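Q: sequence and predicted structure below; questions after.
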Amino acid sequence: MSFFSDVERELVVTDRVEIAEGIVALDLASSNGRPLPAWTAGSHIDLVLGPGRERQYSLCSDPDDRDAWRIAVLREAGGRGGSAAVHALEPGRLVRSRGPRSHFDFEPPAAGERAVFVAGGIGITPVLPMVRAAAASDADWSLDYAVRSRAALPFGDELAAFGDRVRIHVSDEGARIDIESLVEAAGDAPIWACGPARMLDALTAASTERTRLHVEPFTAGRLPEPVRSEPFEIELLSTGDVLEVPPDRSILEVLEENGVLTVSSCREGTCGTCETVVVDGVVDHRDRVLSVSERATSPVMMVCVSRAACPRLVLDA
């Protein structure tokens with residue numbers, strides 16, 4: 001995983017194309033003409049759309065192309081306005097960004113090694129660069145991709161060029177991914193998956209001790225019950241202030257109410273923007289960003305949903 005950087009850069013929209021029903025692809029270049037930072041498959045950037053409006057979009061272009069980044073954005077009718085703002089961007093418009101960064105670190109398979117990819121809807125965007133890398137390395141790979149309709153299928157021509165390694169499952173044609181069979185057939189090969197929470201939950205439920213599952217959610221599932229139902233305290237390392245977090249408030253909300261500047265976006269534990277370093281205390285991790293191993297070894301938490309499993313947390317805030 002990579003830690004969040006709040007360094008902003010100015011980008012210019014160089015191209016805008018509608019690639020499927022409700023999905024727009026934007027090419028973004030540095031406004032000063034300099035090469036863009038390096039990134040790896042699975043990375044995303046944060047677009048700063050205004051005060052308190054940051055949205056995460058996966059990079060779906062070629063990591064070797066330092067001249068431009070490409071994102072593909074689904075317009076969400078029930079969203080909070082971020083996708084509509086991005087859809088309104090036209091070539092020549094300037095937009096600020098943070099990143100790239102990744103909580104979906106990809107390990108490219110070697111020639112002959114197996115890799116299984118699963119995507120749902122707009123979740124294809126971080127998976128597509130992984131698929132390209134697997135194909136380039138002559139790995140033994142497959143992609144199962146679930147979409148609502150043929151009209152809503154992005155990157156159709158590119159995916160078709162991969163032949164029978166790619167299986168498209170169109171829900172309005174009655175096709176579904178057989179998750180249990182997929183996981184069983186994968187054996188101990190890594191599975192890289194991105195899509196709606198119900199898909200990722202099904203993959204997790206079907207997993208066994210052999211399964212090597214790597215997921216990135218695009219929507220939040222139901223949050224687990226907190227470990228503690230009592231209020232707890234957070235101590236801010238920068239000031240020494242101690243704040244109480246009641247059961248019905250998040251750490252993020254308490255920080256904001258007390259004037260502590262905290263960068264955030266999704267507010268549901270899926271994006272990683274509010275990642276905060278924990279100096280002391282035991283965390284009740286409730287996000288969908290950190291893996292089990294990262295929760296055990298990384299001194300960070302997502303303050304929008306995660307809580308304390310002890311009376312007090314000391315935060316680097």
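A: Here it is on my side, so go on.
Q: most remote residue from this protein's center?
A: The centre of the chain is farthest from one residue, residue 240, which by CA atoms, centre = their mean lies 32.8 Å away.
Q: that residue belongs to a helix?
A: No - counting by DSSP: H, G, I helix; E, B strand; the rest coil, residue 240 is not found in a helix; it is coil.
Q: number of residues surrounding residue 166?
A: 17 (other CB atoms under 10 Å). (C-beta placed from N, C-alpha, C; glycine too.)
Q: one more: residue 19?
A: Residue 19 has 15 neighbouring residues, counting by other CB under 10 Å.
Q: would you say it is within a strand?
A: Yes - according to three-state DSSP, residue 19 belongs to a strand.
Q: contacts only, for it.
A: By CB atoms under 8 Å, 6 or more residues apart in numbering, the contact set of residue 19 is 25, 72, 154, 155.
Q: likewise residue 120?
A: Neighbour list for residue 120: 145, 146, 147, 194, 195, 196, 199, 218 [criterion: CB under 8 Å, 6+ apart].
Q: repeat that for residue 271.
A: 56, 265, 289.
Q: buried sites along stretch 13-31?
A: 13, 16, 20, 22, 23, 24, 25, 26, 27, 28, 29, 30 (16 or more other CB atoms under 10 Å).
Q: now it: average pLDDT?
A: Mean pLDDT, computed over stretch 13-31, is 97.
Q: how far does that stretch sit from the chain's center?
A: Remark: stretch 13-31 is offset 19 Å from the chain centroid, using CA atoms, centre = their mean, to the nearest Å.
Q: how long is that stretch from one end to the other?
A: Using CA to CA, to the nearest Å, the end-to-end distance of stretch 13-31 comes out at 9 Å.
Q: any chance of the contacts of residue 271 in JSON lines, plus neighbour count, secondary structure and distance to residue 126?
A: As requested, these are exported to JSON lines (neighbours: other CB atoms under 10 Å; DSSP: H, G, I helix; E, B strand; the rest coil; distance: CB to CB, whole Å):
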{"residue": "56", "neighbour count": "21", "secondary structure": "strand", "distance to residue 126": "10"}
{"residue": "265", "neighbour count": "22", "secondary structure": "coil", "distance to residue 126": "16"}
{"residue": "289", "neighbour count": "25", "secondary structure": "coil", "distance to residue 126": "13"}
